[in-house]
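[1] this one's structure only:
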């Protein structure tokens, strides 16, 4: 069983065009995912499988919805005893530990704002987040480093009142599991002033910070409903099936693939709390637990296709999707050759749910973000005059808004706004369109192709060059492990195309390889797109989430 038809009119076999034309999410009054989905399963299908969790140490847990409901209620009682109430902001740093699900659902019950974060944060990162978001409590695990950094951040973080660890005793910290033992599994739905409402802030994420300080994106209690699109219309999850998304809980992608939409659609989630991404171990887990649907960024697929997949039993695997960066056709083709499964790519942001995608029933085009997702009205706009772009014409990728409409009439899943930044919120949401900050174009079939972030587009000799297009070509050369394409200042052309390249093992940087790569590029790209300069480096500058910081490369090359 599942609750899809409570919120949408849908049946198996509907085409993309049929879904897009009629799609509308029915938003109940004062929807709360913990009470209206998790607790409802606990009453109506208590033994329905909710989550399988395992790690590299051989530990395994399988939870049904009755157990998840009870554990999250016990956690809500614990948090309330510690003084957490509606509107308080709690940072959660739990990697892929199972306590994350108990905690986030408990915070939803209370009406507190959950701020998931990664254990890769350094002390200064923590200080910035603590003060920017008014963090009251931090819940963490001990990886040998992060709790020490949290301790170091406290001297400059006056809002933080309590620290909670799920890893046992630690001086100055509250022992989560010890305290949880005495808490009853009984946390009634709050009423009156303590009740949650659809437009209340529920979840907050810091953006990747690829071009500056991270912004704080707030989502409301209707946000989980927006992930019906993500789970059912893109990931194609199966009722009573098992879905795996490769995502650490510190990133927005985790709730895209490990919680909201999957459970609404009736699919259990598989969580592999791996210490590091090892392709062989990863495939063994997919095989052992019979994963049905799978989502990973293209980077992960690049590692997976180097394996001999025939040695693994992937017969249960039915559907694979990817997002996070544009998909290289070489990765798509090699994965398809080995598995017979086509990857379906999609696009979205921290501020949205899946905004565009290659959806079931469509023919996926590798590298294309597909077509507008049900519930979203996308336009590609010319920045010069605000008019719609013709096919193959690059413009700004925008989401149409109902000007002046309340949040409930905007696309369900679009952010509430930026925390403590009314100017940025008004700029983003008060006009006719929400500007994604990305550029793209339609092809003649109506598929959308990502060109780049507005800041990343290279303007050379009057031409606009997409970094991704050049990177996709270079990535096909066997010597290239990773690359980033940027523009460098040139008095004649405005900018020249530069490639910063990380090599695969067995290749040596030098003039000979420089010439070989440029020659290779000439056979695949127009002359104005060919890198004029290639720099070989050991690693590329990246955000904590692993996204390439081209802005850092530009700054190093002269403050571009």
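    Looks like it arrived, so ask away. Worth saying up front: this structure is predicted, and the values here are computed from it rather than measured.
[2] Pairing partners for residue 498 in the sheet, please.
    Taking DSSP bridges as the rule, residue 498 bridges to residue 486, residue 533.
[3] my guess is it meets residue 490, correct?
    No. Taking contacts as C-beta atoms under 8 Å, residue 498 lies outside contact range of residue 490: 10.1 Å. Bear in mind the C-beta positions are built from the backbone N, C-alpha and C, glycine included.
[4] and the two? which has more neighbours close in?
    Counted by other C-beta atoms under 10 Å, residue 498 and residue 490 do not tie: residue 498 has more neighbours, with 22 against 14.
[5] what sits against that one?
    Residues in contact with residue 498 (C-beta atoms under 8 Å, 6 or more residues apart in numbering) are 485, 486, 487, 488, 531, 532, 533, 534, 535, 553, 557.
[6] Apply 7 Å and report the result again.
    The neighbours of residue 498, taking C-beta atoms under 7 Å, 6 or more residues apart in numbering as the test, are 485, 486, 487, 488, 531, 533, 535.
[7] before we move on, what about residue 389?
    Residue 389 is in contact with 380, 381, 382, 395, 441, counting by C-beta under 7 Å, 6+ apart.
[8] If I look at it, what pLDDT would I see?
    Looking at residue 389, its pLDDT stands at 96.
[9] Ramachandran coordinates for it?
    Backbone torsions of residue 389, given as degrees, to the nearest 10, read phi -80, psi 150.
[10] Likewise for residue 224?
    phi -60, psi -30.
[11] right, and it touches residue 35 too?
    No. Residue 224 lies out of contact with residue 35 (C-beta atoms under 7 Å); the separation is 11.8 Å.
[12] which neighbours do these two share?
    Residues touching both residue 224 and residue 35 (C-beta under 7 Å, 6+ apart): none.
[13] more crowded one of the two?
    Per other C-beta under 10 Å, whichever of residue 224 and residue 35 has more neighbours is residue 224, with 27 against 19.
[14] how far away is the more buried one from residue 104?
    11 Å (C-beta to C-beta, to the nearest Å).
[15] Kindly report the same for residue 458.
    Residue 458 is 40 Å from residue 104, where distance means C-beta to C-beta.
[16] same check, this time on residue 391
    42 Å.
[17] quick one: which of the two has more around it?
    The neighbour count for residue 391 versus residue 104, taken as other C-beta under 10 Å, is higher for residue 104 (27 against 11).
[18] I'd like the distance from the host helix or strand of residue 484 to the chain centre, please.
    Element membership for residue 484, per DSSP states H and E: strand 480-490. On the basis of C-alpha atoms, centre = their mean, to the nearest Å, strand 480-490 is displaced by 25 Å from the centre of the chain it belongs to.
[19] pLDDT weak spots in the stretch 1-150 of the chain?
    For the stretch 1-150 of the chain, applying pLDDT under 70 flags no range at all.
[20] and the residue of the chain positioned farthest from its centre, which of the three is it?
    In the chain, residue 492 marks the outermost C-alpha relative to the chain mean, sitting 40.1 Å out by C-alpha atoms, centre = their mean. Taken by DSSP: H, G, I helix; E, B strand; the rest coil, the conformation at residue 492 corresponds to coil.
[21] and the gap between it and residue 353?
    Distance from residue 492 to residue 353, by C-beta to C-beta: 45 Å.
[22] mind listing what's buried in stretch 86-96?
    Applying a neighbour-count criterion of 16 or more other C-beta atoms under 10 Å, one finds 88, 89, 90, 91, 92, 93, 94, 95, 96 buried in stretch 86-96.
[23] Kindly report the same for stretch 466-481.
    So, applying 16+ other C-beta under 10 Å, buried residues of stretch 466-481: 466-475, 477, 479-480.
[24] Farthest pair within those residues?
    466 and 479 (22.0 Å; C-beta to C-beta).
[25] just for the protein, where's the confidence low?
    The chain contains residues with pLDDT under 70 at 208-213, 403-409, 455, 461-462, 464, 545, 559-560.
[26] other SSEs contacting the longest helix seen in it?
    The residue-count maximum for a helix in the chain (DSSP state H) belongs to helix 65-81. The contact analysis (3 or more C-beta pairs under 7 Å, 6 or more residues apart in numbering; DSSP states H and E) places helix 65-81 against helix 39-44, strand 49-55, helix 99-110, helix 176-180.
[27] Which elements pack onto the last one?
    Secondary structure elements in contact with helix 176-180, counted by 3+ C-beta pairs under 7 Å, 6+ apart, are helix 65-81.
[28] neighbours around the nearest residue to residue 86 once chain neighbours are set aside, how many?
    Among residues not flanking residue 86 along the chain, residue 111 sits closest, at 3.3 Å (C-beta to C-beta, 6 or more residues apart in numbering). Residue 111 has 22 neighbours, counted by other C-beta under 10 Å.
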